[in-house]
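Colleague: test case, fold it:
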Amino acid sequence: MHLVRRERKPLLAAALGAAAVCSLICVAASTSVAHASTRIPVTGLPGFGQTVVDMAISRVFVSEGTAPSSSDSTTPAQGIVVTDLSGNYLTTIDEGTGAQGLTLAPDGKLYAALSLAGKVAQIDPATYSETDYPLPAGDAPQYVVAQSGKVWVSYDTGTAGAIGDITPGATSSFQDDSILSPSPWSSAPLLAADPSDGGTVVAVSTGQAPPALASFDVSGATPVVNAHGSSLPDCAFQATEIAVFSGGRQFTVDCSVGSIHPNLLEDPVFSSTDLSEQALYPAPSGAGAIAVAPDGAVAAGSTSTSTFRDADLNVYAPVPPRLTHSYTLEDTWGGFGSEPANLAPGGLAWGDSTVLVAVLAESVANNAAPEVFEVHVMSYPLLAQTQLGLDGINPEPLGQSITISGSLTQQDFDNQAPYPGQTVTLSRTSADGATVQIGQTITNEFGQFTFSDTPPALGTYSYSASFAGDPATNTAPDTTSGTVAVLKPAQASLQLPQAILANQSVQLTGVLTGNGAPAAGKTMNIIRIAPDGTTVLLGQVVTDSGGAFSITDTPSEVGTYTYTASFFGDEDTGPASATSTLTVLDPAHITLQLPQTALPNQTVGGSGSLAFASGAAASGKTITITRSNPDGTTTVITITTDTKGSFSFRDKPSALGTYTYTARYADSATGIVTGQASASVTVAKES
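Modeller: The predicted structure is shown next:
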């Protein structure tokens, strides 16, 4: 979710509890990106009733009302959706009961008005175990609050609205409280109660304009009406949400439904003693939703922003109340071309002043389900938002250092600006859950930071970078993480002969190991670089069970070839490569002529020629003549070719028998014979 700053300007608000009303707040709003808001929001709720945040167990509960499921919804209908504070969907409870009003009691229990089931559920937020408190047949509970040891329930009788109470622990304890209807309610009113449990309950009618409001003191044995009335200042239209400030002396109500100019409306604050107006809380684009945190922080939201980038949420710090930030709950759910999702009426709820939940609604052009809803969780909405980001962490083999780098930014109007000079802490968590702090570093002038770490063993590790926030600049903390695998160190070998003749087949062989053991089933890429620099992928081969691989090549160009066998690494084994060279020699063609017979001690003349397959000059080349004698000994004669590659020699064999002469040409660099020819002479006496 991107949160975009609206035009900066002073807005009206009031100092709650002050002797004089402060009508102008001079602290300009700035827009922040709530980085900790839901990265993957829970989407597709078919309906929406109310939402509460349980900070004790880090859970968000969202009732879905009585709307049926449709092809556009993704969660079970008419129940209570549960998420964590990161926005991850956990479960849906009380599916099909028409869950409407929700409240968290001082004892930590969650109470839900199950409208279709005709009962109020007491739910353990951690285990979801439930105790039901039925209402009389035909009565449909709508809203609940907990105050002074009881749960107060507004309900529809079928002809009117009413308020009753339940004593927790006594499942048949529901009773109607007629005194809480100082004037008839046309339908079940919205309820709110003092977060400090001081005994104040307030009610406002729904579906009528102007709404009727009433304030009660329920701290004694019998409830007392503090004040009631209608046609109050700045509350001329239908109500969507009501909230009591801690201590119970004041409450605020959103009453904007039905106005043709909701963008002109602000949320009033009334005294719970006499309903006198105390202050106004403006939302950026008009009223629609309001919520009060236990410490008095206020969120005022707009449900009818006119353009995609209009701000639709103001947040106010408590005592003295001041506007700190304006947000745009910008979301194009459904992809490019879809309409922005607006804040749902009554779609705000605080956990404490560090967590704010916003429920967004979007029309889907489906008559069966005209709207679907999504849940976003914002962290530290009162603070200037920061954002930590980690670069991609490259896996490294065991024993090698891993580099973890990233950046820290701070919201600066519509942009994220580098946040230099701040302390970032890095921790490493191994697969067994053990966490160690790697160290701390200071962001540079560009907000960047870098750590190095060498994990002690193979496996997958999670690295978490955290920024603790800066009270001096009123900036929010942030944390981000990334995972990386420590790989088996790999080693490759490659074997091939020193030299071969051009167009002769050669087999390349090698072995790949991972952490000293054969690495089977790994793909080796064989690259060949020819003498002219041409590089080709000779092929890919897969290692066998022993880590071995082989491939055949037939190089044709004379010169030095370079072969590299590379394994690029995978999810468990690091990269490795091995390189070897091969000299490809020019094949030589040699001829040798000798007489077939000779007399003892007669001079024998031999001749021949040298030529290369490539056509290269054969002049001045050394030819080695080896004479194999009849007695098994050998004699070596060395000669040099002339300008035409020809050569000749004279010899005088003395003993009777057959002499074999072999002419050889050997490559001068490698000593490898590239061509040879043989001829024999028989020495015998004249007959």
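
Colleague: surely residue 472 is in a strand?
Modeller: No: counting by DSSP: H, G, I helix; E, B strand; the rest coil, residue 472 falls outside a strand, being helix.

Colleague: just the pLDDT at it, thanks.
Modeller: The predicted local distance difference test score for residue 472 is 73.

Colleague: give me the buried positions along stretch 385-400.
Modeller: By 16 or more other CB atoms under 10 Å, the buried positions in stretch 385-400 come out as 385, 386, 387, 388, 389, 390, 393, 395, 396, 397, 398. For every residue, glycine as well, the C-beta is placed using N, CA and C.

Colleague: what about residue 615, how many residues nearby?
Modeller: When neighbours are defined as other CB atoms under 10 Å, residue 615 has 8 of them.

Colleague: residues in contact with it?
Modeller: Under the criterion of CB atoms under 8 Å, 6 or more residues apart in numbering, residue 615 has no neighbours.

Colleague: wait, a helix at it?
Modeller: No: Residue 615 sits outside any helix when classified using three-state DSSP, being coil.

Colleague: ok, it to residue 585 distance?
Modeller: Distance of residue 615 to residue 585, given as CB to CB, to the nearest Å: 15 Å.

Colleague: what does residue 461 give?
Modeller: 52 Å.

Colleague: same deal with residue 89?
Modeller: 70 Å.

Colleague: give me the more crowded residue out of these two.
Modeller: Using other CB under 10 Å, the more surrounded residue of residue 89 and residue 585 is residue 585, with 22 against 17.

Colleague: right, and that one touches residue 503 too?
Modeller: No: counting by CB atoms under 8 Å, residue 585 stays clear of residue 503, with 10.8 Å between them.

Colleague: for burial, what's the neighbour tally of residue 556?
Modeller: Residue 556: 9 neighbours (other CB under 10 Å).

Colleague: and it, what does it touch?
Modeller: Applying CB under 8 Å, 6+ apart, the residues contacting residue 556 are 502, 503, 584.

Colleague: in strands, which of these appear?
Modeller: residue 584 (DSSP state E).

Colleague: among the contacts of residue 556, name the buried ones.
Modeller: The neighbour count (16+ other CB under 10 Å) marks 502, 584 as buried among the contacts of residue 556.

Colleague: closest one of the contacts of residue 556 to residue 289?
Modeller: Among the contacts of residue 556, residue 584 lies closest to residue 289 (CB to CB), at 79.3 Å.

Colleague: give me the pLDDT value at the closest one.
Modeller: With respect to pLDDT, residue 584 scores 97.

Colleague: quick check: bridge partners of it?
Modeller: residue 500, residue 559 (DSSP bridges).

Colleague: got it, and residue 91?
Modeller: residue 82.

Colleague: OK, contacts around it?
Modeller: Residue 91 neighbours (CB under 8 Å, 6+ apart): 81, 82, 128.

Colleague: report the separation between it and residue 102.
Modeller: 15 Å.

Colleague: next: residue 270.
Modeller: 23 Å.

Colleague: those two - which one has more neighbours?
Modeller: Taking other CB under 10 Å, residue 270 and residue 102 do not tie; residue 270 has more neighbours (26 against 23).

Colleague: neighbours around residue 48, how many?
Modeller: 25.

Colleague: my guess is it meets residue 347, correct?
Modeller: Yes: the pair residue 48 / residue 347 is scored as a contact, 6.8 Å apart, by CB under 8 Å.

Colleague: common neighbours of these two, please.
Modeller: Counting by CB under 8 Å, 6+ apart, the residues touching both residue 48 and residue 347 are 359, 361, 373.

Colleague: give me the neighbour count for the second one.
Modeller: The reference is to residue 361. 20.

Colleague: same question, residue 58
Modeller: Counted with other CB under 10 Å, residue 58 comes out at 13.

Colleague: beta partners for residue 396?
Modeller: Beta-bridge partners for residue 396, by DSSP bridges, are residue 486.

Colleague: list the contacts for it?
Modeller: Per CB under 8 Å, 6+ apart, neighbours of residue 396: 402, 484, 486, 487, 574.

Colleague: 7 Å - rerun?
Modeller: Residues in contact with residue 396, defined by CB atoms under 7 Å, 6 or more residues apart in numbering, are 402, 486, 487, 574.

Colleague: would you mind measuring from the nearest residue to the third one once chain neighbours are set aside to residue 400?
Modeller: Nearest in space to residue 487, with sequence neighbours left out and distances taken as CB to CB, 6 or more residues apart in numbering, is residue 574 at 3.9 Å. Residue 574 sits at a distance of 8 Å from residue 400 (criterion: CB to CB).

Colleague: repeat that for residue 434.
Modeller: From residue 434 to residue 400 the distance is 21 Å (CB to CB).

Colleague: over to residue 685?
Modeller: 80 Å.

Colleague: count of neighbours near residue 652?
Modeller: Residues contacting residue 652 under the criterion other CB under 10 Å number 11.

Colleague: please apply the same query to residue 619.
Modeller: That count, for residue 619 with other CB under 10 Å as the rule, works out to 12.

Colleague: in space, what's closest to it - neighbours in sequence excluded?
Modeller: Nearest one to residue 619, counting by CB to CB, 6+ apart, is residue 643 at 4.7 Å.

Colleague: cool, and residue 499?
Modeller: residue 583 (3.9 Å).

Colleague: leaving out sequence neighbours, find the closest residue to residue 110.
Modeller: residue 123 (4.3 Å).

Colleague: quick check: that neighbour touching residue 132?
Modeller: No: in this structure, residue 123 is not within contact of residue 132 by CB atoms under 7 Å, at 9.8 Å.

Colleague: who's more crowded, the two?
Modeller: Counted by other CB under 10 Å, residue 123 and residue 132 do not tie: residue 123 has more neighbours, with 20 against 15.

Colleague: which residues does that one contact?
Modeller: 109, 110, 112, 130.

Colleague: how much space separates it from residue 79?
Modeller: Look at residue 123 and residue 79: by CB to CB, they are 12 Å apart.

Colleague: give me the domain ranges for this protein.
Modeller: 42-379, 386-485, 490-585, 588-683 (automatic domain parsing).

Colleague: worst average pLDDT in the ones you listed?
Modeller: The bottom spot among the domains of the chain, by mean pLDDT, belongs to domain 42-379, with a mean of 87.

Colleague: any idea how far apart the tips of it sit?
Modeller: Terminal residues of domain 42-379 are spaced 16 Å apart (CA to CA, to the nearest Å).

Colleague: just stretch 553-564 next, same as before
Modeller: End-to-end distance for stretch 553-564, by CA to CA: 13 Å.

Colleague: please identify the buried residues of it?
Modeller: 553, 555, 558, 561, 563, 564.

Colleague: stretch 401-419 too?
Modeller: Buried residues in stretch 401-419 (16+ other CB under 10 Å): 402, 404, 406, 407, 408, 409, 410, 411, 416, 418, 419.
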